[in-house]
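Trainee: Structural data only, the sequence is not supplied:
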């Protein structure tokens with residue numbers, strides 16, 4: 001499920017790390033000071049301090065380094081290093097147990113180890129880490145790493161979602177949208193996505209855009225779809241920019257549209273095509289955005305802003 005992929009929950013505030021309202025893990029004062037150094041802009045000094053603390057056996061430092069080396073807080077992604085830090089901290093920190101389970105689930109050590117992933121998600125859940133409950137629940141629903149138990153799996157996800165965990169809320173939206181472990185219900189899916197999106201869960205905003213785009217549980221509404229895709233982009237879904245542009249382009253082609261409004265929509269499309277051309281994770285999509293931008297620029301009677 002897409003919510004499960006957003007597996008990281010940082011110990012404290014470092015820019016770009018996690019949803020603002022995600023469950024946090026308390027840390028000691030020295031690690032907190034190093035994190036403040038990073039968030040204050042001195043990334044190298046903060047990382048150096050954390051590495052020294054980790055070398056001395058500080059499990060809070062290992063846990064935060066695991067978060068940072070996942071490619072957040074402006075730190076270059078090094079997933080094997082990230083997962084090794086989580087492995088060291090897994091016994092002592094419920095969040096690290098969860099994140100180590102995620103490493104095993106995705107195959108970060110070379111191959112997917114689903115049986116062991118279940119074990120560590122369970123450890124995280126037993127330690128009170130809400131996100132681990134739904135990660136384990138997703139495995140139970142799918143039958144990954146052991147027997148399927150959709151009823152228990154859905155109950156675990158629902159428990160975490162009802163407690164306010166945004167990734168679990170997004171996963172509940174996925175389950176209702178796909179009809180996995182529960183009867184398919186796009187209206188209920190949208191309800192869960194809205195709860196998660198209110199906490200800046202990026203996949204939830206993206207999925208709300210898709211529901212409005214396709215008219216699932218709601219009339220087709222490209223304006224709302226574009227707005228949700230824009231919001232998804234704002235919280236980390238760089239692949240949403242091209243969809244903001246496409247929604248505007250389709251709307252610009254509607255019959256009997258006022259000329260000024262059409263130009264406004266074409267300009268909007270052009271702005272987002274520029275973003276997609278530079279930031280979309282798919283090279284082919286970046287190339288398509290460049291072609292579309294040239295076409296849009298030729299149609300607009302004045303230079304695009």
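Mentor: Arrived safely. Remember, predicted model here, so these are calculated numbers, not experimental data.

Trainee: so residue 104 touches residue 110, yeah?
Mentor: No - the pair residue 104 / residue 110 is not scored as a contact, 10.6 Å apart, by CB atoms under 8 Å. (Glycine included, C-beta is placed from N, CA and C.)

Trainee: who has more neighbours, the two?
Mentor: In this view residue 104 and residue 110 are compared by other CB atoms under 10 Å, and residue 104 has more residues nearby, 24 against 7.

Trainee: residues in contact with the more buried one?
Mentor: Residues near residue 104 by CB atoms under 8 Å, 6 or more residues apart in numbering: 112, 113, 114, 116, 117, 120.

Trainee: Closest one of those residues to residue 267?
Mentor: residue 112 (45.7 Å; CB to CB).

Trainee: okay, now that closest one: neighbour count?
Mentor: Residues near residue 112, counting by other CB under 10 Å, number 15.

Trainee: In which helix or strand does it reside?
Mentor: In the assignment (DSSP states H and E), residue 112 maps to no helix and no strand.

Trainee: What are the neighbouring residues in contact with it?
Mentor: Applying CB under 8 Å, 6+ apart, the residues near residue 112 are 104, 105, 106.

Trainee: PyMOL command for the buried members of the contacts of residue 104?
Mentor: For the buried members of the contacts of residue 104, the matching PyMOL selection, counting by 16 or more other CB atoms under 10 Å, is:
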select buried, resi 113+114+116+117+120
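
Trainee: out of the contacts of residue 104, who's nearest residue 75?
Mentor: When the contacts of residue 104 are compared against residue 75 (criterion: CB to CB), the nearest one is residue 120, at 23.3 Å.

Trainee: tell me which element the spatially closest residue to that closest one that is not a sequence neighbour falls in.
Mentor: Of all residues beyond its chain neighbours, the one nearest residue 120 is residue 101 (3.4 Å), with distances taken as CB to CB, 6 or more residues apart in numbering. Assigned by DSSP H and E, residue 101 belongs to helix 94-106.

Trainee: Would you tell me what the next helix or strand after that helix is?
Mentor: helix 114-126.

Trainee: can you list contacts of that following helix?
Mentor: By CB under 8 Å, 6+ apart, the list of residues contacting helix 114-126 reads 90, 94-95, 97-98, 100-102, 104-105, 131-133, 135-136, 139, 144-146, 156.
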